[in-house]
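Participant: Provided below for reference: sequence and predicted model.
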Amino acid sequence: MSNRFDVIVVGGGHAGCEAAMAAAGMGCSVLLVTADLNGLAKMSCNPAVGGIAKGQIVREIDALGGYSALVTDAATLQFRMLNRSKGPAMWSPRAQCDKQRFSATWLKTLLSCSNISIYADFAENLLFENQKVCGIKTTTGAIFHCRALILTAGTFLNGKMFIGQHSFEGGRIGEKASYGISEQLASYGIPTARMKTGTPPRIDVRSLDLSRLPVQEGDPEPERFSFLDIPSSVQASGRQMNCYLLHTNEKVHDILRSGFDRSPLFTGMIHGRGPRYCPSIEDKLRTFADKDSHQLFLEPEGADSPEYYLQGFSSSLPLEVQLDAVHAIEGLENAVFFKPAYAVEYDYFDPQQLYASLRSKIIDNLFLAGQVNGTTGYEEAAAQGIVAGINASLYLAEREAFILRRDQAYIGVLIDDLITKGVDEPYRMFTSRAEYRILLRQDNADFRLTPLSHSLGLASESRYAAVMSKMDEVEKLTSLCHSTKVRADTVNPLLETLDSTPLSEGKHLEELIARPELSLSDLLPFVPRGTSFSPEAVFSAEIAIKYAGYVQREKLQAEKNNRLEYIRIPHGFDFDSLQGLSIECRQKLKKYKPETIAQASRISGVSPSDISVLLVYFGR
């Protein structure tokens with residue numbers, strides 16, 4: 001085994017796995033250092049992938065040639081497309097997964113790549129030459145050298161866990177924390193702070209009365225995450241597992257409140273900021289004191305496992321309080337715990353010290369991805385991982401960095417938010433964070449991103465060919481709908497059955513598709529058929545026709561805003577030389593070193609008048 005690699009990836013979580021595959025896929029020799037070969041991309045919290053905005057991110061990773069979607073499809077227990085009652089910009093795929101199969105599939109995927117070596121150990125120290133990272137030393141004394149390093153340590157850097165007044169070291173229950181790296185990076189000038197996250201108890205489903213709980217089933221016709229034509233596990237088997245709905249009550253709340261005086265969240269033991277949009281149950285009671293009930297979900301963790309996840313009941317309260325409160329929930333009176341809920345506090349690094357490529361502005365050769373950048377969620381971590389892996393490879397090849405704009409991908413929104421706005425709490429992606437939601441739909445991620453990835457050499461020829469074929473299908477179908485006119489007496493019988501106003505004269509198909517109550521699928525019998533069309537092409541063509549006005553408006557707005565993305569600010573520019581800038585603006589620009597005027601415009605404290613000054617100078 002060699003001790004010299006192009007890229008070393010520290011951490012085998014969702015970010016680390018995607019980073020390793022991306023760098024290896026672009027020709028780099030990669031070493032992945034992780035503590036547990038059987039815990040790769042471990043689902044430490046909810047055993048599910050996707051959801052609002054997160055599902056779009058996973059499809060974007062897949063379109064780039066990543067593997068999160070394929071692994072998810074192989075491990076799916078239940079699939080649901082969320083927000084179907086809303087417009088297509090809000091549709092978000094979500095899959096409940098078998099967490100053991102998920103990790104096992106990732107291991108198989110990584111081992112299948114000849115450019116990747118895996119070493120099971122903890123990275124104890126980073127090795128430096130001058131201001132450049134050049135390798136690692138592990139806890140067993142092994143030394144490995146690299147030309148670029150991607151740090152994806154998750155919640156393990158100085159990790160500390162809490163259950164009531166008990167605290168103990170670790171990044172995940174039963175797994176030790178990592179020490180030394182945070183202190184090293186801080187000594188080189190990278191700002192470090194603490195964040196907190198948590199997880200609910202795991203419950204033995206055999207101890208529950210499921211007959212008293214409302215069932216949440218998967219979609220009758222489950223889809224898959226990946227754009228590749230490979231059936232998911234539930235599509236192949238025709239079977240899905242159920243989730244269940246539950247609710248807390250006043251008795252549950254009273255029991256929980258009785259432990260507040262021993263909650264590390266309220267006693268000051270925990271200093272890190274927790275996720276606003278995924279709060280602990282005790283946080284919910286304090287923030288929403290007027291509510292007498294909160295919805296919970298009971299979700300399976302594996303096809304052959306009795307372990308179930310109590311979504312919405314994250315907590316750091318004492319164990320006995322957790323048990324008593326769970327026993328006061330209908331159907332859970334005799335619940336047996338496999339694991340208690342707990343909180344974990346860990347180090348993260350200010351993401352504003354990163355370029356958009358996720359390379360550090362302070363330490364050469366160092367890339368950071370995942371929760372170490374202040375994010376939360378598997379999907380956000382995996383997205384950063386693939387971008388860091390791509391850019392580490394491009395950096396070593398002395399090629400231009402791969403940067404996704406805010407109108408190209410949710411991944412672009414995510415990274416731009418991190419590097420320009422920073423974080424003061426764990427960052428989670430929402431559709432509301434994106435200005436161009438109609439452009440960034442889950443169904444068109446392959447159109448948006450696969451050609452870009454293919455030009456880098458990451459997306460395969462077969463994947464690119466499939467996207468080109470789908471694009472051709474959509475173009476043909478859209479053109480046919482534009483040119484095909486149907487007679488009123490021919491289409492009116494169908495319109496009547498669909499409660500749509502009958503025609504008095506013939507109309508083109510695209511005019512009918514524009515009606516909210518009609519779909520292209522309904523009108524396919526009237527399309528001249530020289531070829532068959534895939535369901536995916538039909539769906540994409542319908543959206544292109546039905547929302548054409550909205551799509552065009554967003555495109556025009558994006559083009560207008562993107563002009564600032566191409567006006568670059570030279571590295572090391574002396575902002576003090578521009579007298580028209582406010583003092584706060586100069587301070588912020590010198591601190592965060594934006595690469596473009598567009599990035600500068602999104603930094604807090606930089607005003608429109610400051611941007612005007614920059615435009616006058618750099619716009620020349």
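Facilitator: Okay, I see it.

Participant: contacting residues around the closest residue to residue 213 other than its chain neighbours?
Facilitator: Distances taken as CB to CB, 6 or more residues apart in numbering place residue 244 nearest to residue 213, at 4.1 Å, with adjacent residues excluded. For glycine as for every other residue, the C-beta is placed from the backbone atoms N, C-alpha and C. Under the criterion of CB atoms under 8 Å, 6 or more residues apart in numbering, the contact list for residue 244 reads 210, 213, 214, 215, 216, 297, 298, 299, 331.

Participant: I'd assumed residue 244 was in a strand, is it?
Facilitator: Yes: the assignment for residue 244 is a strand, going by DSSP: H, G, I helix; E, B strand; the rest coil.

Participant: now do the top helix by length along the chain: distance to the chain's middle.
Facilitator: The longest helix of the chain (DSSP state H) is helix 461-483. Helix 461-483 has its C-alpha centroid displaced from the chain centroid by 28 Å (CA atoms, centre = their mean, to the nearest Å).

Participant: can you list the residues that contact it?
Facilitator: For helix 461-483, the external contacting residues (CB under 8 Å, 6+ apart) are 63, 65, 227-229, 446-447, 450-451, 454, 508-510, 513, 520, 523, 527-528, 531, 533-534, 536-538, 540-541, 544-545.

Participant: give the burial count for residue 472, as a bare number.
Facilitator: Other residues within reach of residue 472 by the criterion other CB atoms under 10 Å amount to 12.

Participant: again with residue 572
Facilitator: One way to gauge burial is a neighbour count; for residue 572, by other CB under 10 Å, it gives 6.

Participant: equivalent analysis for the one 3 residues further on, please.
Facilitator: As a burial measure, the neighbour count of residue 575 was computed by other CB under 10 Å and equals 17.

Participant: same deal with residue 188?
Facilitator: For residue 188, the count of nearby residues is 14 (other CB under 10 Å).

Participant: before we move on, what about the one 4 residues further on?
Facilitator: When neighbours are counted by other CB under 10 Å, residue 192 registers 17.

Participant: now the nearest residue to it once chain neighbours are set aside: which helix or strand?
Facilitator: Leaving out its chain neighbours, the residue that sits closest to residue 192 by CB to CB, 6+ apart is residue 186, at 4.7 Å. Taking DSSP states H and E as the criterion, residue 186 maps to helix 181-187.

Participant: residues of that helix that come out buried?
Facilitator: Neighbour counts using 16 or more other CB atoms under 10 Å place 181, 182, 184, 185 of helix 181-187 among the buried residues.

Participant: helices or strands up against the helix or strand following that helix?
Facilitator: Helices and strands here follow DSSP H and E; after helix 181-187, the next one along the chain is strand 192-199. Contacts defined by 3 or more CB pairs under 8 Å, 6 or more residues apart in numbering; DSSP states H and E place strand 192-199 against helix 181-187, strand 342-349.

Participant: which parts of the stretch 351-500 of the chain are strands?
Facilitator: In order along the chain, the stretch 351-500 of the chain carries the following strands (DSSP state E, counting those that start in this stretch): 366-368, 485-486.

Participant: can you list contacts of the shortest one?
Facilitator: Right, strand 485-486. With contact meaning CB under 8 Å, 6+ apart, strand 485-486 is reached by 506, 507, 508, 509, 512, 526.

Participant: scan these and report the most crowded one.
Facilitator: residue 509 (24 neighbours).

Participant: hang on, isn't that residue packed against residue 524?
Facilitator: No: taking contacts as CB atoms under 8 Å, residue 509 lies outside contact range of residue 524: 9.5 Å.

Participant: quick one: residues contacting residue 218.
Facilitator: Remark: with contacts taken as CB under 8 Å, 6+ apart, residue 218 is in contact with 78, 79, 80, 96, 234, 240, 241, 242.

Participant: by neighbours, which of those residues wins?
Facilitator: Counting neighbours by other CB under 10 Å, the top entry in the contacts of residue 218 is residue 96, with 29 neighbours.

Participant: quick check: which element contains that one?
Facilitator: Going by DSSP H and E, residue 96 is in strand 92-97.

Participant: how about that strand as CSV, C-alpha atoms only?
Facilitator: Included here for strand 92-97 are C-alpha records, laid out as CSV according to Å, rounded to 0.1, in the frame of the first residue of the first chain:
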residue,chain,number,x,y,z
SER,A,92,-39.5,17.0,-3.5
PRO,A,93,-38.6,13.2,-3.5
ARG,A,94,-38.0,11.5,-0.2
ALA,A,95,-37.0,7.9,0.6
GLN,A,96,-37.0,6.0,3.9
CYS,A,97,-33.9,3.8,3.9
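
Participant: ok, which stretches of the stretch 51-200 of the chain are helices?
Facilitator: Counting by DSSP state H, counting those that start in this stretch, one finds helices in the stretch 51-200 of the chain at the ranges 54-63, 68-75, 99-111, 181-187.

Participant: wait, which of those is closest to residue 156?
Facilitator: Distances from residue 156 to each of the helices of the stretch 51-200 of the chain were compared by CB to CB, and the smallest falls on helix 181-187, at 9.3 Å.

Participant: and that closest one, average pLDDT?
Facilitator: Here the mean pLDDT over helix 181-187 is 96, rounded to a whole number.

Participant: count the neighbours of residue 221 for me.
Facilitator: Should you count by other CB under 10 Å, residue 221 turns out to have 9 residues around it.
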